[in-house]
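**Q** Okay, here's the prediction I keep looking at, along with the sequence it came from:
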Amino acid sequence: MATRRIVSARPVFGTQPLPLPLPQRAIKSRPYSSSSSISTVELAYDHHPPPKGGREPQDAPIIFMHGLFGSKKNNRSVSRVLARDLGRHVYTVDLRNHGDSPHAPEHTYPAMAADVSHFIRARNLQSPTLIGHSMGAKTAMTLALSSPSLVADLVSVDNAPVDAVLSGTFARYVEGMRRIEAAGVRAQSAADAILKEYEADPAIRGFLLANLYRPTHASSPERPHHRFRVPLDILGRSLGHLGDFPFKDPGAARFEGPALFVRGTKSTYVPDEVVPLIGQFFPRFRMVDVDAGHWLISEKPDDFLQAVIEFLSPKE
């Protein structure tokens, strides 16, 4: 396994992080407020139970949230290992506008956090652990800061509670996916050929093309065109603020439960400069570095699992 570096969990309060090594948008500071006007959606999910003799489904489950363009299928293998090794139920959810969950025009972190809050309350889940990657990490952090009594602890995978501008690659991905739909392709290979103009890495293309499906039309004798499960119009409009974080003032919101931040050393999402701010929002945090990029769960699943299992295992 790769060498991991553990960062102290007690940064000094009151310090301000230096700017991210990415272009930043000027964003007016505004407090987060949980709006009752947000319409929640019922999240699709997979349930990974522990072996016999484990906990009850409502007792300290783990809720796993994917990143942008992902789905509950992304984390299936590691979720099964967590259920087995920790003896806990794991729910992998499709966030709104992804996978099998409903589409909704509002795609913001408060809206996604409200959906997960509804998921927890509707099932009477007690003391859940939130694990999120990228977009899912900011959703988990938003929920923990807005409803701290609802969450026992959290794991943020390669993201931080800061405003940042998303890489332009995401806009290119949306453009390529729109071209695929407009071309009316009927084969995965044809879709891949188009997307290759926008992304050279075949692994990332495969990740994006996992959203393709062929609608079934019994009345049509021809094979229908491939389409994407994700609403490209909604997500395309939302890209401008998906780098934002809804909380601006650590003095107004803080999560006092344990928190683990797992970051990829080859990724730019969590630079050292933002570590003090992480400590202001999450004073009981630990950080583990993994020799990987932004997609560290798929790149180094064993290192990811070791870090999470150590963090969540009962302390003697």
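**A** Looks like it came in fine. Numbering: from 1, shown residues only.
**Q** When you work out contacts or count neighbours from here on, use the C-alpha atoms and nothing else.
**A** OK.
**Q** Which stretches in the stretch 1-150 of the chain count as strands?
**A** With strands called from DSSP state E, counting those that start in this stretch, the stretch 1-150 of the chain shows them at 6-7, 45-48, 62-65, 90-93, 129-133.
**Q** So residue 287 lies in a strand, does it not?
**A** Yes: counting by DSSP: H, G, I helix; E, B strand; the rest coil, residue 287 is part of a strand.
**Q** burial count for it?
**A** 22 (other CA atoms under 10 Å).
**Q** Next, find the distance separating the nearest residue to residue 55 once chain neighbours are set aside from residue 295.
**A** In this structure, residue 55 finds its nearest non-sequential neighbour in residue 88, 5.8 Å apart by CA to CA, 6 or more residues apart in numbering. For residue 88, the distance to residue 295 equals 24 Å [CA to CA, to the nearest Å].
**Q** which one of these two has more residues nearby?
**A** residue 88 (25 against 19).
**Q** Next, count neighbours for residue 201.
**A** Residue 201: 9 neighbours (other CA under 10 Å).
**Q** my bad, residue 187
**A** 12.
**Q** Touching, it and residue 226? I think so.
**A** Yes: taking contacts as CA atoms under 8 Å, residue 187 lies within contact range of residue 226: 7.5 Å.
**Q** Centre of the chain to stretch 95-109, how far?
**A** 13 Å (CA atoms, centre = their mean, to the nearest Å).
**Q** mind starting the numbering at 7 from now?
**A** Fine by me, first position is 7 from now on; the one you just mentioned is stretch 101-115.
**Q** any idea of the mean pLDDT for that stretch?
**A** Averaged across stretch 101-115, the pLDDT comes to 97.
**Q** From the rest of the structure, what touches it?
**A** 47-50, 71-72, 75-78, 100, 118, 121, 144-145, 148, 217, 235-237, 240-241, 244, 247-248, 251-252 (CA atoms under 8 Å, 6 or more residues apart in numbering).
**Q** ok, and for that stretch, which residues are buried?
**A** 101-109, 112-115 (16 or more other CA atoms under 10 Å).
**Q** Give me the distance between the two termini of that stretch.
**A** First residue to last in stretch 101-115 (CA to CA) measures 10 Å.
**Q** Point me to the helix or strand that includes residue 182.
**A** In the assignment (DSSP states H and E), residue 182 maps to helix 175-189.
**Q** ok, then the element right after that helix?
**A** Following helix 175-189 in sequence order, the next helix or strand is helix 194-201 (DSSP H and E).
**Q** contacting residues around that following helix?
**A** If you take CA under 8 Å, 6+ apart as the criterion, helix 194-201 is touched by 179, 182-183, 185-186, 191, 211-212, 215.
**Q** quick one: the very next helix or strand once past it to helix 175-189, angle?
**A** The helix or strand immediately downstream of helix 194-201 is helix 208-215, counting by DSSP H and E. If you take axes from the mean of the first three to the mean of the last three CA atoms, to 10 degrees, helix 208-215 sits at 60 degrees to helix 175-189.
**Q** and the direction of helix 208-215 versus that of helix 194-201, what angle?
**A** Using the same axes, to 10 degrees: helix 208-215 against helix 194-201 is 110 degrees.
**Q** Give me the distance from helix 208-215 to the chain's centre.
**A** Relative to the mean C-alpha coordinate of its chain, helix 208-215 is positioned 17 Å out (CA atoms, centre = their mean).
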